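Chemist: Okay, structure incoming, though there's no sequence with it:
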Ligand SMILES: NC(=O)C1=CN([C@@H]2O[C@H](COP(=O)(O)OP(=O)(O)OC[C@H]3O[C@@H](n4cnc5c(N)ncnc54)[C@H](O)[C@@H]3O)[C@@H](O)[C@H]2O)C=CC1
Ligand SMILES: O=C(O)[C@H]1O[C@H](OP(=O)(O)OP(=O)(O)OC[C@H]2O[C@@H](n3ccc(=O)[nH]c3=O)[C@H](O)[C@@H]2O)[C@H](O)[C@@H](O)[C@@H]1O
């Protein structure tokens, strides 16, 4: 099929029933949103505890708006959950693969074992024509392999097609991003797959039409669809590391990266988004995706082309160490060969989630900072409005406070590592009454520094002249 860009869905295909295989951050949001759009939806996962929670209307993750969507659509009967491949196969016409593709423990490449398990688990139970759609982020070439698996494991008499439709949602805005995407990408080989994908998204296009919007649809081949996703994340990661590299130069020259970012961002060709310097990018996607992209490029003989992503990764991890240097400076402690020693110092770390409005702590820069501070023998107390439970499982060498007030009590240093509104809106004078010393590191450059300085705080930002 020729690649094409169009927003006109072909008419005629009936409303398919949808399954979402893997109900984590991606799959649970999709299941609830597509039920909200009017589809009959089944969410399937091998994690029994997660499915039991979802089926009871309890949202296992923190994602704004998702609780209401889950409850409303469970009540309407359009949304149900199961742990059975057999039930999923019987229920659905279009099956969206939403399982994780984490970084492998033995290197940078993506672990595709969950994809394999889901396809080989589902395919033998299919009894009528079905479309398997990959949504997970994968190395280029995966869709062809999934097609081979599906053909091998499906019953002979059943027609099974494969498509790839990568996902671009952001945690914290996931429901909005699913219901009102910037674009959708369909990687297809057959016209039937294209028709079914349009039918599975028809309600999304109709919602857009009622709001006088259009959702651009890019119809393309498997390889391009797979690459669009990792290219997008590589670009975003590069943009963040670019501004963080500028932060390093600002630190060396006495300039201020926030003013620099503001100034270059006025150029429409550059744009002002994703130019916040800080402790770097984290989360379950950008870091692992740029590594898997490099690993795959190497395998297919294009490793040279992505060498810059190695630098992007290095700049990113360096920013976490910068907090330690700033802390040593503020606390007036030397940095020895084994790093600084902050024995006897109580440090409040505000934040643990990899960014605000989520409870996700996967590869969280803030939690990495907390861990590094704990290694200096400091008494580290972490507070996060939503991510404490997940953080506790990830990092046990720090204490966790139930409130910001508790974390700040008697602290000699405060480090803001996640840009939650609760921290951005905090009153510097009131916070100063709780802390033992008015020293603050603004790891995400998210505070109104002038008001903190005015309240007597010794303030340090990232790449800032203040
Ligand atoms: N989280 C995000 O914001 C986005 C994630 N993605 C991609 O989507 C994929 C999923 O990501 P998340 O939802 O964040 O991961 P997650 O780890 O939150 O969810 C994955 C789910 O798959 C389930 N699972 C594992 N094996 C299974 C099997 N054999 N059958 C059925 N379910 C199974 C797990 O129990 C888990 O609930 C990844 O490839 C990720 O890169 C893409 C865009 C956005
Ligand atoms: O593939 C994915 O899973 C998703 O990855 C990112 O979404 P997400 O990880 O939810 O979070 P972002 O908002 O992109 O932030 C990623 C990290 O970059 C950091 N960041 C972001 C922007 C910025 O200017 N500076 C900065 O340090 C954030 O604090 C966070 O740690 C992409 O933005 C999504 O489009 C994509 O679908």
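Modeler: Cool, got the structure. Quantities reported herein were computed from a predicted structural model and do not represent experimental measurements. Ligands and ions are numbered 1, 2, ... in the order given.
Chemist: List, one by one, the residues from the stretch 101-250 of the chain near ligand 1.
Modeler: By Cβ under 6 Å from any ligand atom, the part of the stretch 101-250 of the chain that sits against ligand 1 consists of 101, 114, 117-118, 121, 136-137, 167, 169, 171. Any C-beta I mention is one placed from the backbone N, CA and C, and that applies to glycine too.
Chemist: how does it look with 5 Å?
Modeler: The stretch 101-250 of the chain comes close to ligand 1 at residues 101, 114, 117-118, 136-137, 167, 169, 171, as judged by Cβ under 5 Å from any ligand atom.
Chemist: Now the buried members of those.
Modeler: Listed as buried from those are 101, 114, 118, 136-137, 167, 169, 171; burial here means 16 or more other Cβ atoms under 10 Å.
Chemist: and ligand 2, which of those residues contact it?
Modeler: residue 171.
Chemist: What is the neighbour count of residue 107?
Modeler: A count of nearby residues for residue 107, using other Cβ atoms under 10 Å, gives 11.
Chemist: contacting residues around it?
Modeler: By Cβ atoms under 8 Å, 6 or more residues apart in numbering, the contact set of residue 107 is residue 295.
Chemist: what about the protein, any weak spots by pLDDT?
Modeler: Counting by pLDDT under 70, the chain contains low-confidence residues at 1-13.
Chemist: residue furthest from the geometric center of the chain?
Modeler: Most distant from the centre of the chain: residue 157, at 39.4 Å, with distances by Cα atoms, centre = their mean.
Chemist: which other helices and strands contact the longest helix along the chain?
Modeler: Determined from DSSP state H, the single longest helix within the chain is helix 222-253. Helix 222-253 sits against helix 142-153, strand 160-164, strand 184-187, helix 257-265, helix 286-299, helix 307-331, with contacts defined as 3 or more Cβ pairs under 8 Å, 6 or more residues apart in numbering; DSSP states H and E.
Chemist: try it again with 6 Å
Modeler: strand 160-164, strand 184-187, helix 257-265, helix 286-299, helix 307-331 (3 or more Cβ pairs under 6 Å, 6 or more residues apart in numbering; DSSP states H and E).
Chemist: Packing partners of the helix or strand that contains residue 414?
Modeler: Counting by DSSP states H and E, the element that carries residue 414 is strand 413-416. Judged by 3+ Cβ pairs under 6 Å, 6+ apart, strand 413-416 is in contact with strand 346-350, strand 439-442.
Chemist: That one and ligand 2, any residue contact?
Modeler: No. Shown here: strand 413-416 not in contact with ligand 2 (Cβ under 5 Å from any ligand atom), separated by at least 12.1 Å.
Chemist: Just checking: what are the partner strands of that strand?
Modeler: Strand pairing for strand 413-416, determined by DSSP bridges: strand 346-350 (parallel), strand 439-442 (parallel).
Chemist: how far does it sit from the chain's center?
Modeler: The chain centre lies 24 Å from the centre of strand 413-416; the measure is Cα atoms, centre = their mean, to the nearest Å.
Chemist: would you turn the helices and strands packed on strand 413-416 into TSV with mean neighbour count and distance to ligand 1?
Modeler: Shown next, in TSV, are those (neighbours: other Cβ atoms under 10 Å; distance: least, Cβ to the nearest ligand atom, whole Å):
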stretch	mean neighbour count	distance to ligand 1
strand 346-350	27	23
strand 439-442	26	26
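Chemist: can you list the residues of this protein near ligand 2?
Modeler: Close to ligand 2, as judged by Cβ under 5 Å from any ligand atom, the chain has residues 168, 170-171, 240, 274, 276, 278, 281-283, 285, 354-355.
Chemist: Thanks a lot, see you next time.
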